[in-house]
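Undergrad: My questions concern the predicted model and sequence given below.
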Amino acid sequence: MKRSEINTIMAQADKFIGSFGFKLPPFAYWSPADFRRHADDAKAIFDQKLGWDITDYGQGDFAKTGVFLFTLRNGLYAEKIMISRVNQVCPMHRHHVKAEDIINRGGGTLAVELFMSTGQGGMDMQAEVTVSTDGRVRRMPAGSLLKLSPGESVTLLPGVWHAFWGEGQDVLVGEVSTVNDDIGDNVFRDPIGRFPHIEEDEPPLHLLVGDY
């Protein structure tokens, strides 16, 4: 991804998030120079990888395969705010450890494709999927699409394979989870990267977590 594209996505995302009355923390708007000034007193931001996270998963087509994320906290538990654009796929993946609630905070419908794991950790193409949606146990055939309207959520336990995208309109997505580890806890079905390859065609508007 070009840095200019990332900067544009940041500005658009900030406007979209704000349209729902959601406010990002002050460090979201720090310049690279601000980060250098706060190197000592903001160590948790660096260590816990808080902040802007925009990825095309190394595929070179953000509109088709990608997601916008901002990690708000990642200590005793983690919280993210995300944007899932219409037909923009967050690729099929699972986690070894992380349990997460995925919440439709507003906008369109969030479509979530689900599979259970085999005993070896692969995708089970036959096993019934069992998840909790807002306290209600749901059982569905393998590969079912769970459609979450604004206000609805799903709890995904470790090992549940999932991919998601927006339908109808872009979706503001919340995530509340156990501690997040993007380096060691993501298992993707296909051989893709977690972070983008960046072409520095202009200075960064704000730093990404991958820049720390």
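TA: Thanks, I have the structure now.

Undergrad: what's the top helix by length along the chain in contact with?
TA: The longest helix of the chain (DSSP state H) is helix 3-18. The contact list for helix 3-18 (CB atoms under 8 Å, 6 or more residues apart in numbering) reads 24, 28, 52, 54, 62, 68, 70, 81, 83, 170, 172, 196, 198-206, 208. Placement of C-beta: from N, CA and C, glycine included.

Undergrad: Over to stretch 61-76?
TA: 1, 5, 9, 13, 17, 24-25, 28, 44, 48-57, 59, 78-85, 87-91, 179-180, 192, 209.

Undergrad: For D211, see how far away the residue most central in space within the chain is.
TA: Residue closest to the mean C-alpha point of the chain, counted by CA atoms, centre = their mean, is L69 at 4.8 Å. For L69, the distance to D211 (CB to CB, to the nearest Å) stands at 14 Å.

Undergrad: Check I17 too.
TA: 20 Å.

Undergrad: More neighbours: the two, which one.
TA: I17 (21 against 14; other CB atoms under 10 Å).

Undergrad: hmm, back to that, from the contacts of stretch 61-76, list just the buried residues.
TA: Buried residues within the contacts of stretch 61-76, defined by neighbour count using 16 or more other CB atoms under 10 Å: 1, 5, 9, 13, 17, 24, 28, 48-57, 59, 78-85, 88-91, 180, 192, 209.

Undergrad: Which of those fall in helices?
TA: Filtering the buried ones among the contacts of stretch 61-76 for helices - DSSP H - leaves E5, I9, A13, I17.

Undergrad: Farthest pair within those residues?
TA: E5 and I17 (18.3 Å; CB to CB).

Undergrad: How far does stretch 146-164 sit from its chain's centre?
TA: 12 Å (CA atoms, centre = their mean, to the nearest Å).

Undergrad: Using CSV, list the CA coordinates for it.
TA: Written as CSV, here are the backbone C-alpha positions of stretch 146-164 (Å, rounded to 0.1, in the frame of the first residue of the first chain):
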residue,chain,number,x,y,z
LEU,A,146,-24.3,-15.1,10.3
LYS,A,147,-25.8,-11.7,9.6
LEU,A,148,-25.4,-9.2,12.3
SER,A,149,-27.6,-6.0,12.3
PRO,A,150,-26.5,-2.9,14.2
GLY,A,151,-26.5,-3.6,17.9
GLU,A,152,-26.0,-7.4,17.5
SER,A,153,-22.9,-9.3,18.3
VAL,A,154,-21.3,-12.8,18.2
THR,A,155,-18.9,-14.4,20.6
LEU,A,156,-16.1,-16.4,18.9
LEU,A,157,-14.1,-18.7,21.0
PRO,A,158,-10.5,-19.9,20.2
GLY,A,159,-10.5,-22.2,17.2
VAL,A,160,-13.6,-20.9,15.5
TRP,A,161,-12.7,-20.0,11.9
HIS,A,162,-14.3,-16.7,10.7
ALA,A,163,-14.2,-14.2,7.8
PHE,A,164,-16.4,-11.1,7.6
